[in-house]
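Trainee: Got a predicted structure plus its sequence, pasted below:
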Amino acid sequence: MLVGIDLLTIFAVLNLSMFVRTEILPHFRRFPIFPDIDFTFFWWIFPAWMFFFVYEGLYTKRFSFWDEVKMLWKVVFFSTLATFSVLYLRKTGEQVSRTVLVLMGLISLPVLPLVRTNVKKLLFRAGLLRSKVLILGAGKTGELIFNALKRDSNLGLNVVGFLDDDPAKIGRTVGGVKVHAGVDKAQKYIGRCGIDSVVIAMPGCEKKKFMSLVNKLQHKAQNILIIPDLFGITVLGTDLQHFFQEQAIGLEVKNNLAQPLNILIKKLFDFTVSSVLLVLLSVPMTVIAVLIRMTSRGPAIFSQERVGRRGRTFQCYKFRTMYEDAEERLRNLLENSTDAQTEWNHRWKLTIDPRITGIGKFLRQTSLDELPQIFNVLKGDMSLVGPRPVTQREIDQYYREQAKLCFGVPPGVTGLWQVSGRSNTSYDYRIALDSWYVRNWNIWLDIVILFKTVRVVLRKEGAV
């Protein structure tokens with residue numbers, strides 16, 4: 001069914017591209033006369049595209065939502081290159097509109113993920129493509145994995161039960177799923193209940209017992225997922241190394257942001273995207289500046305000293321959201337309210353803040369107050385995505401190793417904290433998220449965070 005849906009999507013995108021090329025684009029500029037051909041002339045496009053669907057494992061592997069989007073974008077990129085290669089090898093470039101092929105790639109970027117992920121949701125609801133999962137271990141690790149599988153519905157993994165040997169856990173439920181007795185009974189449950197995948201989430205398990213479990217279940221279940229006791233280390237970009245003669249494996253952990261090429265890629269990405277955003281947002285930013293000046297005294301943009309890469313301070317720009325006597329208002333509130341003191345010490349933010357203007361509240365809820373930081377990105381003081389820029393007095397909240405990580409890269413306009421609850425999270429959690437981002441950076445992570453930022457801003461999630 002997925003193969004059929006993908007073929008129909010490619011067919012629809014091809015016809016839409018031909019329509020845009022013949023009916024819309026000629027109104028804007030002069031194009032050569034489109035040859036009198038229909039979609040059957042492009043039959044060779046379908047096997048070319050489907051090859052990359054198969055090659056990327058889109059019919060044999062399960063991906064999280066963003067990983068599937070990444071794979072689909074790779075399919076679009078390589079399929080477009082392949083179609084141009086076919087034109088070159090067949091020497092038929094003059095007979096085919098290359099604009100159609102480019103349009104196919106551009107239109108497919110949003111359309112393919114949108115269609116495919118929503119079709120999968122419908123198939124899951126119909127009981128298709130779903131896989132039954134049994135988790136061995138009902139402790140904190142097992143519960144963490146259960147929540148992770150439940151959160152990402154695109155995986156289609158349905159946890160049907162837990163097995164554990166701890167009498168205190170047997171009989172209770174985790175997220176509505178019952179914990180049964182006897183890890184050694186896993187083989188029986190696999191056959192009796194049609195279990196496809198087994199997750200071993202017992203980091204404290206004795207080595208001999210652990211190896212016995214893996215060896216027994218390896219040929220009973222389709223997949224076995226082993227959760228090691230390695231929480232907190234880098235996961236993105238970590239490679240598995242094999243030592244065949246010693247029958248051992250190793251995890252190769254890389255420092256992505258220490259490689260000059262990656263630093264250059266991130267800077268080019270920041271500069272390109274920021275330049276485009278500045279052009280697109282110039283009019284809204286001008287309107288916001290005028291509204292700020294009209295509704296309260298003071299400049300539209302203010303700058304505040306923040307700590308950047310390697311501890312170097314810089315002036316961070318924002319739209320002004322506070323009154324001129326903001327510090328006096330804050331001091332009076334903290335002196336007269338114990339609850340406000342507690343909240344301020346815990347989060348460095350206030351749910352009800354007397355310093356914020358009317359327009360300022362709206363700007364903060366929508367994060368529009370941070371738009372002037374685009375200028376910081378273009379100057380090189382900040383990055384589009386990174387740890388949040390902090391003031392000098394906040395540095396004491398960081399442990400030494402965390403500070404070394406977070407202040408080893410440019411701070412970001414947005415980041416992992418902003419798309420993970422923002423003001424609904426504690427300050428310590430924010431620091432942990434920023435540290436995780438630095439350890440796990442890759443360019444795709446930046447793209448995902450930018451997309452999630454748009455969603456968070458539109459929904460005003462975690463905003464003050």
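Mentor: Arrived safely. These figures come from a predicted structure and were not determined experimentally.
Trainee: Any idea how many residues pack against P284?
Mentor: For P284, the count of nearby residues is 11 (other C-beta atoms under 10 Å). Every C-beta, even on glycine, is put in place using the N, C-alpha and C of the backbone.
Trainee: ok, and it, which helix or strand is that part of?
Mentor: For P284, the host element (DSSP states H and E) is helix 260-295.
Trainee: How far off centre is that helix?
Mentor: When C-alpha coordinates are averaged (C-alpha atoms, centre = their mean, to the nearest Å), helix 260-295 and its chain have centres 21 Å apart.
Trainee: outside of the strand or helix carrying A186, which residues touch it?
Mentor: Following DSSP H and E, one finds A186 within helix 186-193. If you take C-beta atoms under 8 Å, 6 or more residues apart in numbering as the criterion, helix 186-193 is touched by 132, 134, 136, 160-161, 163, 180, 195, 198, 213, 216-217, 220-221.
Trainee: Break this protein into its domains for me.
Mentor: Under the assignment automatic domain parsing, the domains of the chain span 2-125, 131-231, 258-321+356-459.
Trainee: Dump those to JSON lines, plus distance to T342 and mean pLDDT.
Mentor: Putting the domains of the chain into JSON lines (distance: least, C-beta to C-beta, whole Å; pLDDT from 0 to 100) gives the following:
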{"stretch": "domain 2-125", "distance to T342": "37", "mean pLDDT": "86"}
{"stretch": "domain 131-231", "distance to T342": "28", "mean pLDDT": "87"}
{"stretch": "domain 258-321+356-459", "distance to T342": "12", "mean pLDDT": "85"}
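Trainee: Make a markdown table from the ones you listed and add distance to L251 to it.
Mentor: Below are the domains of the chain laid out as a markdown table (distance: least, C-beta to C-beta, whole Å):
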| stretch | distance to L251 |
| --- | --- |
| domain 2-125 | 19 |
| domain 131-231 | 8 |
| domain 258-321+356-459 | 13 |
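Trainee: Out of those, which is closest to A248?
Mentor: domain 131-231 (12.7 Å; C-beta to C-beta).
Trainee: So which of the contacts of helix 186-193 sit within strands?
Mentor: Among those, the residues falling in strands (DSSP state E) are K132, L134, L136, V160, G161, L163, H180, V198.
Trainee: now the angle from the helix holding A186 to strand 131-136?
Mentor: Taking axes from the mean of the first three to the mean of the last three C-alpha atoms, to 10 degrees, one finds helix 186-193 and strand 131-136 inclined to each other by 160 degrees.
Trainee: List the buried residues of helix 186-193.
Mentor: A186, Y189, I190 (16 or more other C-beta atoms under 10 Å).
Trainee: Then stretch 17-35?
Mentor: Within stretch 17-35, the residues that qualify as buried are S17, M18, V20, R21, counting by 16+ other C-beta under 10 Å.
Trainee: so the last one touches F31, yeah?
Mentor: Yep, that's R21 we're talking about. Yes - contact criterion C-beta atoms under 8 Å: R21 and F31 qualify, at 7.4 Å.
Trainee: any common contacting residues for the two?
Mentor: By C-beta under 8 Å, 6+ apart, R21 and F31 have these common neighbours: T99.
Trainee: count of residues packed around the nearest residue to M71 once chain neighbours are set aside?
Mentor: Leaving out its chain neighbours, the residue that sits closest to M71 by C-beta to C-beta, 6 or more residues apart in numbering is E56, at 4.7 Å. E56: 18 surrounding residues under other C-beta under 10 Å.
Trainee: Quick one: residues contacting E56.
Mentor: E56 makes contact with M71, K74, V75, according to C-beta under 8 Å, 6+ apart.
Trainee: Give the closest residue to T321 in space, chain neighbours not counted.
Mentor: G360 (2.9 Å).
Trainee: In contact with the closest residue to V456 other than its chain neighbours, which residues?
Mentor: Once flanking residues are discounted, V456 sits nearest to V419: 5.3 Å by C-beta to C-beta, 6+ apart. Each residue near V419 by C-beta under 8 Å, 6+ apart is listed here: I449, K452, T453, R455, V456.
Trainee: what's the distance between the last one and E143?
Mentor: According to C-beta to C-beta, to the nearest Å, V456 and E143 sit 26 Å apart.
Trainee: Those two - which one has more neighbours?
Mentor: V456 (20 against 16).
Trainee: and the helix or strand the more buried one falls within, which residues are buried?
Mentor: Using DSSP H and E, V456 sits in helix 443-459. Of the residues in helix 443-459, L445, D446, I447, V448, I449, L450, K452, T453, V456, V457 count as buried by neighbour count, 16+ other C-beta under 10 Å.
Trainee: Now do the contacts for the last one.
Mentor: Going back to what we said before, that points to V457. Per C-beta under 8 Å, 6+ apart, neighbours of V457: T366, S367.
Trainee: Could you check how far it is from V283?
Mentor: Between V457 and V283 the distance is 18 Å, computed by C-beta to C-beta.
Trainee: So Q373 versus T391, what's the distance?
Mentor: To T391, Q373 is 15 Å away according to C-beta to C-beta.
Trainee: between these two, who's got more neighbours?
Mentor: Q373 (22 against 13).
Trainee: Can you verify my assumption that W444 contacts W73?
Mentor: No - W444 sits out of contact with W73 when judged by C-beta under 8 Å, with a separation of 9.0 Å.
Trainee: still on that earlier bit, of the buried residues of stretch 17-35, which pair is most distant in space?
Mentor: M18 and V20 (7.4 Å).
Trainee: Mutual contacts of those two, please.
Mentor: Joint contacts of M18 and V20 (C-beta under 8 Å, 6+ apart) do not exist.
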